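S.K.: test case, fold it:
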Amino acid sequence: MSKIQFLMIYNFPENSIEIRSLKTGKDYIFVCAGQVYLNDDSVTQITNVCNESEVYNNVFSTIFKDKRYSADNARTFIKLISEGSKCKNRFDWLILYEGAIVGTVGIKSLDGEIGYWQSNKHPGVMASAVQKLCTLAKDAGFTSLWAHVKKSNIASIRVLENAGFKLDLDLTKKHDDLYKYRSTFFISSV
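M.R.: Next comes the predicted model:
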C-alpha cells in the first residue's frame, strides 16, 4: 500500500487592502509581500523597525542573543518571505504607511503559526492587520492559526485576544516565558 501525501494549496488574494489603525484612525495598506518590489530602502525600513526597542525586545532579542538586527537579517527576511510566496508554504503581508514598511504579519508555516511586528510609531494597526489575516486565512481554508507570545508582551496578547485567539493552557504549560494562543475557525458545510 502506498502512502498518498495530500498537500493543501491555500489561495490568498494578491490585491492590497486598506486597513485602519484602531488607535489613531490612520489608513494603512495591507499588501501581499509577493506583490511588493523590495529593495535597499525596504532593507533599511525593516532594519530600523526591527531595532526599535520594544520590537527588538519582544521579537528578536532571544533569536539574535542581544546583537542588533542587521541589514543582512533584513535581506534574509526578504528572501524568506519572497521564497515562501513563490512556494506557497508561507504567506506574508506588509503593512505600509505612505509607501514605507511599518510592519508585517504572516503565516509562517502550513500548520498555521503566525508572526508579526510593527513600528511603535504606528500604534493600533497590528490589531486590524491580525484581524484581516484571520479573515483571509479562514477564506483560504485554514482551520486555525496559532502564535507564541512572551508573557511580558501585554500589547501582543491584547492583539491576539482582540482577534479571537484563546490561551492554549496545555501547550503554555510547556514554556516558562511564553504563552501559546490559538484561534480556531469553524467552517460550515453547505
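S.K.: can you list contacts of the helix or strand of the chain at the bottom of the mean pLDDT ranking?
M.R.: Of all regular secondary-structure elements in the chain, judged by mean pLDDT, DSSP states H and E, the least confident is helix 169-172 with a mean of 80. If you take Cβ atoms under 8 Å, 6 or more residues apart in numbering as the criterion, helix 169-172 is touched by 178, 179, 180, 182. All C-beta atoms are positioned from the backbone trio N, CA, C, and that covers glycine.
S.K.: and for the first one, the neighbour number?
M.R.: For residue 178, the count of nearby residues is 17 (other Cβ atoms under 10 Å).
S.K.: now residue 60. Its backbone dihedrals?
M.R.: Backbone geometry at residue 60, expressed as degrees, to the nearest 10, gives phi -110, psi -20.
S.K.: what residues does it make contact with?
M.R.: By Cβ under 8 Å, 6+ apart, residue 60 lies in contact with 50, 69.
S.K.: against residue 147, how distant is the residue nearest to the spatial centre of the chain?
M.R.: The chain has residue 105 as the residue nearest its centroid, 2.3 Å off, counting by Cα atoms, centre = their mean. When distances are taken as Cβ to Cβ, to the nearest Å, residue 105 and residue 147 turn out to be 10 Å apart.
S.K.: cool, and residue 128?
M.R.: Per Cβ to Cβ, residue 128 is found 16 Å from residue 147.
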